[in-house]
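>>> Any chance you can model this:
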Amino acid sequence: MDKIVPGAREALADVFDGAVILCGGFGCVGGMPSTLLRALSELPVKNLTLVGNAPALGLEAQKTAARTMQVPDSYADGSLLLKNGQVGKLIASVPAMAIFRLEEPFPIVKALQEGQNIEVELVPQGTLAARMKAARAGIPAFYTRTGTGTYLEKGREVRQFDGQDYLLEHALKADFGIIRAHKGDRHGNLVYRGTSRTFNATIAGAAAVTIAEVDEVVELGALDPEAIVTPGIYVNRVVKR
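A predicted model of the protein is given here:
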């Protein structure tokens, strides 16, 4: 029952070429699992499928977006994997942001300009969360109105319910889920701070292996049961950041 792992590299030791990885976080204000992503960028794995809301915008974009808050020096995201050529496919709601003018292109744009062969799949934010939740619940697919009548409809099954069109979406099955929480115990129970609860809590349990990096490891019983958002049953490994 002790799920504490000595370090991030040990927690990621079984990540393999071609693995599908769900990445928590919502930029620097949403608890990006920076320690795990930095460790993953140091492993000799490639052709990864990286999935997240905005998993690879890069440090410059985060500093531009934050404006009124300081981006910690420890911040890192999936742009490290893009830079290393480790990503074969990116599934995201926000791969880049046209409203920001950066000195250099966004990481995914730069990777494509440099000739990297990366498939990019755009998924609406709510649909992305629903596909992750479906994977956790064992639901193989579902219908949604989001995306009907748009380019997202191309190649998708469309079915009518109550006179309205719905798109068929499939659960996002993944090999690993990497998330960030505020506190965790050795059983894997997690609590979050502020906006870090977003996609981190959604991803927990949606992959075959869920790895959580936490700011603090606490003793069993130290977490108020009423405050635990992610029960330990959804978490396989815990590492202190």
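
>>> for this structure, longest helix please?
helix 125-137 (DSSP state H).

>>> residues making contact with that helix?
Residues outside helix 125-137 that contact it (C-beta atoms under 8 Å, 6 or more residues apart in numbering): 22, 51, 53, 91-94, 123, 140-142, 144, 146-147, 169-174, 199, 202-207, 234. For glycine as for every other residue, the C-beta is placed from the backbone atoms N, C-alpha and C.

>>> Please, where are all the helices along the chain?
Under DSSP H, the chain gives helices at 8-11, 34-41, 59-66, 79-83, 107-113, 125-137, 198-203.

>>> Distance check, the residue sitting furthest away from the middle of the chain against Arg145.
Most distant from the centre of the chain: Gly163, at 34.9 Å, with distances by C-alpha atoms, centre = their mean. Computed with C-beta to C-beta, to the nearest Å, the distance linking Gly163 and Arg145 is 12 Å.

>>> since we're on the spatially closest residue to Lys110 that is not a sequence neighbour, how many residues are nearby?
In space, Lys110 comes closest to Glu104 once its chain neighbours are excluded; the distance is 6.5 Å by C-beta to C-beta, 6 or more residues apart in numbering. Number of residues near Glu104 (other C-beta atoms under 10 Å) recorded here: 10.

>>> Equivalent analysis for Leu57, please.
Leu57: 26 neighbours (other C-beta under 10 Å).

>>> now do Pro44
For Pro44, the neighbour count with other C-beta under 10 Å is 7.

>>> which intervals of this structure have sub-threshold pLDDT?
65-69, 98-102 (pLDDT under 70).
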